[in-house]
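Undergrad: Have a look at this prediction, sequence included:
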Amino acid sequence: MIIESQKEFDALPVAFDEYTEIRIVGKLNKVDKTFKNAFMSVYGSATIESVYGSATIKYVSGSATIKSVSDSATIESVSGSATIKSVSDSATIKYVYGSATIKSVSDSATIESVSDSATIEYVYGSATIESVSDSATIESVSGSATIKSVYGSATIMSVYGSATIKYVYGSATIEYVSGSATIEYVSGSATIKSVSDSATIEYVYGSATIESVSDSATIESVSDSATIKYVSGSATIKSVYGSATIESVSDSATIESVSGSATIKSVYGSATIKYVSVSATIESVSGSATIMSVYGSATIKSVSMHTIIRIMSNSVVILTAQQQAVLIYQNCKGCPKKKDATVQIVRTKKAKYTLENFINIYNVQKKSKESKKIILYKFVQHDYTDFYTSKIKYEIGKTVKAPDWDKNLNVECGGGLHLSPSVEICKNFNKSNNGHALRCEVLISDIVVHPTPQYPNKIRCKKCFVVEEIIKGKP
């Protein structure tokens, strides 16, 4: 049945005896009806001013235009070079593909899938887009809008406000992330070109690339073979591990923890790296940059220009030091393989490391001001068992007891449960991409600390109480 005018549409019955296609090809002011035993389609160069109520249109294609979709109206498929100018309220569009265009999605409207070379210009309010793929483009995501998945070679030009994107993977690209926007997971060979303001990216892994992180933006975790090219301003990266690479850290940017076989190529300005451990590598440190603690078998290739580094392990390697760099060897031996006459080497006297040192150095929090319990953190496997034995289960709301407890102070590994003073530090011991981070309470009397530890950023304890899960393992 062909409909060319509003008059013809208004004259349609509510129900049909046989299953009927109502094909709209002309110009209509409104579509607000639902039909029994029939479906609507919009084709050719048809134009509809408004689709609202609980109306449902099954297909919109050709060069058809719908100016407004609102209320609880549904459009199942938009394709060809069709255009929808505005989607609002709790309206739903299920599939957008071909070279179709949707100009605005707002309120609590939902679009389930955007693919091919389709374009959505603005997504805002609390609108939701379930999936963006192929070579589809979204130009702007803002407000508290949510995009659940971006993949294929899809492109999102700008994400800002308090907008959220949950998964970015494949070869997808996001050009700008700013404001207080959040991206939860970036993986595959996905690329994010710029992260700024107070935007947050929670996990970057696989071979994903972030080109620039600046202002007060935060990246929680960078792992696998992921790459971040530039970190500047007062940006913060909390944990870098696996074989991840950061090419440049400058200004007053901070990296809290670098471990595994991760590499940082250049650290300068007044940038700070708090902890470097395991077999991580830093290629160049200069300016007034600071590395607060280096331990394990970490390597620093070049240190220069007033940089201060504190070394805490005999197996740390510093290849070259020059231009008034300061190296503090704390409780360990060592010397840079090559240095000039301006380098200052400070060797601290061997001092006993205590629980009080651990609490003060890492600013460990007590459960309450008068409490005899402190707050520590633990990473566990996807099934909530420990990484080392896979036998000790950490269940939320329960007390976990060490089966091999040994109160001997000179034991550093084994002989108890091992916990860390912060989430960022305990990520060093997250040996997979699907670990869970747990917040735990530990009695001070149940803790022992090695007097000269190789890993001063963890303690052993007899038992702990698991309070809550604060990071859920990624899928």
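TA: Arrived safely, thanks for sending.
Undergrad: hey, where'd the helices end up in this structure?
TA: In the chain, the segments counted as helices under DSSP state H are 6-10, 355-361, 423-426.
Undergrad: pLDDT below threshold where in the stretch 351-475 of the chain?
TA: Filtered on pLDDT under 70, the stretch 351-475 of the chain yields the residue ranges 430-434, 473-475.
Undergrad: residues touching Ile24, list them.
TA: Each residue near Ile24 by CB atoms under 8 Å, 6 or more residues apart in numbering is listed here: 3, 9, 31, 40-43, 46, 48. C-beta: built from backbone N, CA, C; applies to glycine.
Undergrad: what do you get for Leu327?
TA: For Leu327, the contact set (CB under 8 Å, 6+ apart) comprises 303, 309, 311, 318, 321, 336, 343-346.
Undergrad: these two touch, right, Val285 and Val267?
TA: Yes: assessed by CB atoms under 8 Å, Val285 is found in contact with Val267 at 4.6 Å.
Undergrad: between the two, what contacts are shared?
TA: Taking CB under 8 Å, 6+ apart as the contact rule, Val285 and Val267 both touch Ile291.
Undergrad: for the residue nearest to Ile471 when sequence neighbours are not counted, what are its contacts?
TA: Of all residues not flanking Ile471 in the chain, Ala437 sits nearest, at 3.7 Å (CB to CB, 6 or more residues apart in numbering). Contacts for Ala437 (CB under 8 Å, 6+ apart) come out as 377-379, 423, 426-427, 430, 469-471.
Undergrad: swap in Val87?
TA: Val87 makes contact with 69-70, 93, 102, 104-106, 109, 111, 127 under the criterion CB under 8 Å, 6+ apart.
Undergrad: how about Asp197, phi and psi?
TA: Here is the backbone geometry of Asp197 (degrees, to the nearest 10): phi 60, psi -130.
Undergrad: Could you number the chain from 423 rather than 1 from now on?
TA: All set: I'll call the first residue 423, so the last point we hit is now Asp619.
Undergrad: Quick check: it touching Tyr598?
TA: No: here Asp619 does not reach Tyr598: they are 9.9 Å apart, not a contact under CB under 8 Å.
Undergrad: Give me the common contacts of these two.
TA: Taking CB under 8 Å, 6+ apart as the contact rule, Asp619 and Tyr598 both touch Tyr582.
Undergrad: Out of these two, name the residue with the larger neighbour count.
TA: Tyr598 (20 against 17; other CB atoms under 10 Å).
Undergrad: which residues touch that one?
TA: By CB under 8 Å, 6+ apart, the neighbours of Tyr598 are 579-582, 615-616, 618.
Undergrad: With Cys848 instead?
TA: 799-801, 841-842, 859, 880 are the contacts of Cys848 under CB under 8 Å, 6+ apart.
Undergrad: For those residues, which single residue is the most surrounded?
TA: Neighbour tally across these (other CB under 10 Å): the maximum, 28 neighbours, falls on Lys800.
Undergrad: quick one: it and Ser844 touch, right?
TA: No: using CB under 8 Å, Lys800 is not in contact with Ser844, being 11.5 Å away.
Undergrad: hmm, back to that, out of the contacts of Ile446, which are inside strands?
TA: If you go by DSSP state E, the contacts of Ile446 have 425, 453, 462-464, 470 in strands.
Undergrad: returning to what we had before: tell me which two of the contacts of Cys848 sit farthest apart.
TA: With CB to CB as the measure, no two of those lie farther apart than Ala859 and Lys880, at 14.2 Å.
Undergrad: Leaving out chain neighbours, which residue sits closest to Ile730?
TA: The shortest distance from Ile730 to any non-neighbouring residue, by CB to CB, 6+ apart, is to Val748 (4.6 Å).
Undergrad: count of residues packed around Asp454?
TA: Using other CB under 10 Å, Asp454 is surrounded by 14 other residues.
Undergrad: Equivalent analysis for Glu778, please.
TA: Glu778, neighbours per other CB under 10 Å, totals 10.
Undergrad: ok, back up a step: tell me which of the contacts of Cys848 is nearest to Gly655?
TA: Checking the contacts of Cys848 against Gly655 with CB to CB, the nearest one is Ala859 at 26.5 Å.
Undergrad: beta partners of that closest one?
TA: On the basis of DSSP bridges, Ala859 is bridged to Phe801, Ile893.
Undergrad: Over to Ser670?
TA: Ser670 has these beta-bridge partners by DSSP bridges: Tyr652.
Undergrad: State the distance from it to Ile704.
TA: According to CB to CB, to the nearest Å, Ser670 and Ile704 sit 12 Å apart.
Undergrad: more neighbours, the two?
TA: Set Ser670 next to Ile704 and count neighbours by other CB under 10 Å: Ile704 wins out with 28 against 19.
Undergrad: Residue nearest the middle of this structure, spatially speaking?
TA: By CA atoms, centre = their mean, the chain has its centre lying nearest to Glu624, at 1.9 Å.
Undergrad: show me what contacts that one?
TA: Counting by CB under 8 Å, 6+ apart, Glu624 makes contact with 604-607, 641-643.
Undergrad: export the residues you listed to a markdown table and tack on distance to Pro875, neighbour count and pLDDT?
TA: Output for those, formatted as a markdown table (distance: CB to CB, whole Å; neighbours: other CB atoms under 10 Å; pLDDT from 0 to 100):
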| residue | distance to Pro875 | neighbour count | pLDDT |
| --- | --- | --- | --- |
| Thr604 | 36 | 18 | 95 |
| Ile605 | 36 | 28 | 96 |
| Glu606 | 35 | 16 | 90 |
| Tyr607 | 34 | 23 | 91 |
| Ile641 | 29 | 28 | 94 |
| Glu642 | 26 | 19 | 84 |
| Ser643 | 25 | 27 | 84 |
